[in-house]
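A.B. asks: Predicted coordinates and the sequence they were generated for:
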Amino acid sequence: MASIAPTTTNNRTTESGQNYNFALTVLTSLFFMWGFITCLNDILIPHLKSVFTLNYTQVMLIQFSFFTAYAIISIPAGILVEKIGYKNGIVIGLITAGIGSLLFYPAASMQSYVMFLGALFVLASGITILQVAANPYVAILGKPQTASSRLNLTQAFNSLGTTIAPYFGSLIILSIAVKTAEDFKSMSSDQIAVYKLAEASAVQVPYLGLAAALFVIAAIFAIIKLPKIEASDIKASGDEGVNYHDMHKSAWGYKHLVLGAIAIFVYVGGEVSIGSFLVNYIGQPFIAGLKESDAGKFVSFYWGGAMIGRFIGSAVQRKLNPGKVLAFNAFFAATLVIISMLTLGHVAMWAILAVGLFNSIMFPTIFTLAIDGLGKHTGQASGILCTAIVGGAILPVVQGFFADNIGIHHAFFIPVLCYIYIAYYGLKGHKPSYITAKA
């Protein structure tokens, strides 16, 4: 199998492993942070659904606003990163995400759903820039043969963030029981004012903390030294003696990249769709009947499975073909979702939570397979792949529509279709091929 990531002509790749190890260690903090922030959306959804009395389609605008940023920002971010470098791109991404987190304060104070959506878009714009800069940087820093394994390892720390976030959010955000209109009738105006203040601060405090952490990390990245790799340093690592990246004027000429972008679209869409509905799904009387604050804690099992799977996948992919591992995981993820749809009670609950284990290696594996052999087009390819993360904006809304019309239980057929395509990409679609050959 051809190696699955670009390599560089820079001698530091082999001569300064110590420096690369330090860089990779520091980069894991970014993966943790954006995993933590992204997964807090799963807690915001049931909270804001109750606060603003929204249906499933309306509340999924949270994910729509967040992941739409990937569609709008990713390609400009790719251009920006190619011009200013990976490190500076990371700093700008952290600052932007910090500003987005600060905007939660006025959004909560004004009790404005529209302002929440705007804050989420700004926050996600910063995360998008981080993704565009950090994912290919990790793939490049080290041996190309182990790029998929390396990205899986750093993504495992992303999953650590997604595992902690639901439990943290459940304790802080969902701890305040949302009152109904009937409850307010028996409360005085002062009691209502106190309740509204507590409800607002439940969102304000954690996001102010996130803003502070993001600004601190940005300052650290601004002053530390990281290996400098420019686009001109990168060459393809496909079959020996063949410079694949010279065959095309842009990354769009590579079929396996285009199919990989579709795979990223459906993967993120499927994963986010499941995560977004978990609190409400587990809370259904025919599943587990848990209240929101308790159901939110179980979401950690979904994302915790992804963390465990990525640590396992990092080791497995050093010995097994990443494409086959991807197809295997996609098949079992689809099977578990179908089991959840066809059963009730704890079987349905644990089947859907177990999907996280098989989601684990999908994003980093698809990413590294898709940029295989793109060489100098790697920056553009990263922008394209990160744009495809917009699947997390579109598919949850689609699933929300079906949940409103056919019920939350059977609306999970959307992720099943996603996993079927991912299995195809792992078996066949990822193999390097070219749409046109251009001099």
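C.D. replies: Alright, I've got the coordinates. Residues are numbered from 1 along each chain as shown.

A.B. asks: Residue 42 versus residue 126, what's the distance?
C.D. replies: Residue 126 sits 19 Å away from residue 42, taking CB to CB, to the nearest Å as the criterion. Yep, even glycine has a C-beta here, placed from its N, CA and C like the rest.

A.B. asks: burial count for the closest residue to residue 70 other than its chain neighbours?
C.D. replies: Sequence neighbours aside, residue 389 is the residue nearest to residue 70 in space, at 3.9 Å (criterion: CB to CB, 6 or more residues apart in numbering). The burial count assigned to residue 389 is 28, neighbours taken as other CB atoms under 10 Å.

A.B. asks: my read: residue 389 touches residue 267, true?
C.D. replies: No. If you go by CB atoms under 8 Å, residue 389 and residue 267 don't touch, sitting 9.0 Å apart.

A.B. asks: so where's the chain uncertain?
C.D. replies: Along the chain, the parts satisfying pLDDT under 70 run over 1-20, 139-140, 142-149, 151-152, 174-201, 228-249, 432-439.

A.B. asks: for it, what spans make up the strands?
C.D. replies: Secondary structure of the chain by DSSP state E: the strands cover 7-8, 234-235.

A.B. asks: isn't residue 160 right next to residue 32, touching?
C.D. replies: Yes. At 5.8 Å, residue 160 and residue 32 qualify as touching, with contact defined as CB under 8 Å.

A.B. asks: gap between residue 431 and residue 150?
C.D. replies: Applying CB to CB, one obtains 21 Å for the distance of residue 431 from residue 150.

A.B. asks: now residue 357
C.D. replies: 20 Å.

A.B. asks: Next: residue 117.
C.D. replies: Using CB to CB, one gets 35 Å for the distance from residue 117 to residue 150.

A.B. asks: which one of the two has more residues nearby?
C.D. replies: A side-by-side neighbour count of residue 117 and residue 150, using other CB under 10 Å, places residue 150 first with 25 against 17.

A.B. asks: Pretty sure the more buried one sits against residue 138.
C.D. replies: Yes. At 6.1 Å, residue 150 and residue 138 qualify as touching, with contact defined as CB under 8 Å.

A.B. asks: so what sits against both of these two?
C.D. replies: Between them, residue 150 and residue 138 share these contacting residues under CB atoms under 8 Å, 6 or more residues apart in numbering: residue 24.

A.B. asks: contacting residues for the nearest residue to residue 29 once chain neighbours are set aside?
C.D. replies: Residue nearest to residue 29 in three dimensions, not counting chain neighbours: residue 217, with 6.2 Å by CB to CB, 6+ apart. Neighbouring residues of residue 217 by CB under 8 Å, 6+ apart: 29, 30, 33, 94.

A.B. asks: filter those to the buried ones?
C.D. replies: 30, 33, 94 (16 or more other CB atoms under 10 Å).

A.B. asks: Restricted to helices, list these.
C.D. replies: Cross-referencing those against helices under DSSP state H gives 30, 33, 94.

A.B. asks: can you list the residues you listed in CSV and add distance to residue 298?
C.D. replies: Supplementary listing: these in CSV, determined by distance: CB to CB, whole Å:
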residue, distance to residue 298
30, 27
33, 23
94, 31
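
A.B. asks: and which of those is nearest residue 372?
C.D. replies: When these are compared for distance to residue 372, the smallest value, 23.3 Å, is given by residue 30; criterion: CB to CB.

A.B. asks: surely that closest one meets residue 130?
C.D. replies: Yes. Under the contact definition of CB under 8 Å, residue 30 touches residue 130, with a separation of 5.6 Å.

A.B. asks: Now for these two: what residues contact both?
C.D. replies: Shared between the contact lists of residue 30 and residue 130 (criterion: CB under 8 Å, 6+ apart) are residues 90, 94.

A.B. asks: what about the helices in the stretch 301-439 of the chain?
C.D. replies: Listed in chain order, the helices of the stretch 301-439 of the chain (DSSP state H, counting those that start in this stretch) span 322-342, 345-359, 362-370, 378-387, 391-406, 413-424.

A.B. asks: Out of these, indicate the one that is most buried.
C.D. replies: For those, the stretch with the most neighbours on average is helix 362-370, a mean of 29; neighbours defined as mean count of other CB atoms under 10 Å.

A.B. asks: what sits up against it?
C.D. replies: Contacts with helix 362-370, where a contact means CB under 8 Å, 6+ apart, come from 4-5, 135, 139, 147-148, 151-152, 154-155, 256-257, 259-261, 263-264, 267-268, 271, 310, 313, 317, 322-323, 325-326, 329-330, 381, 385, 422, 425-426, 430.

A.B. asks: Tell me which residues touch the nearest residue to residue 296 once chain neighbours are set aside, please.
C.D. replies: Ranked by CB to CB, 6+ apart and with sequence neighbours excluded, the top spatial neighbour of residue 296 is residue 170, at 3.3 Å. Contact partners of residue 170, counting by CB under 8 Å, 6+ apart, are 43, 292, 293, 294, 296, 297, 299.

A.B. asks: of all these, which two lie farthest apart?
C.D. replies: Checking those against each other with CB to CB, the farthest-apart pair comes out as 43 and 294, at 12.5 Å.

A.B. asks: Between the two, which is the more surrounded one?
C.D. replies: Between residue 43 and residue 294, residue 43 has the larger neighbour count (other CB under 10 Å), namely 26 against 15.

A.B. asks: what's the closest non-adjacent residue to that one?
C.D. replies: In space, not counting the residues next to it along the chain, residue 43 is nearest to residue 169; the distance is 3.2 Å by CB to CB, 6+ apart.
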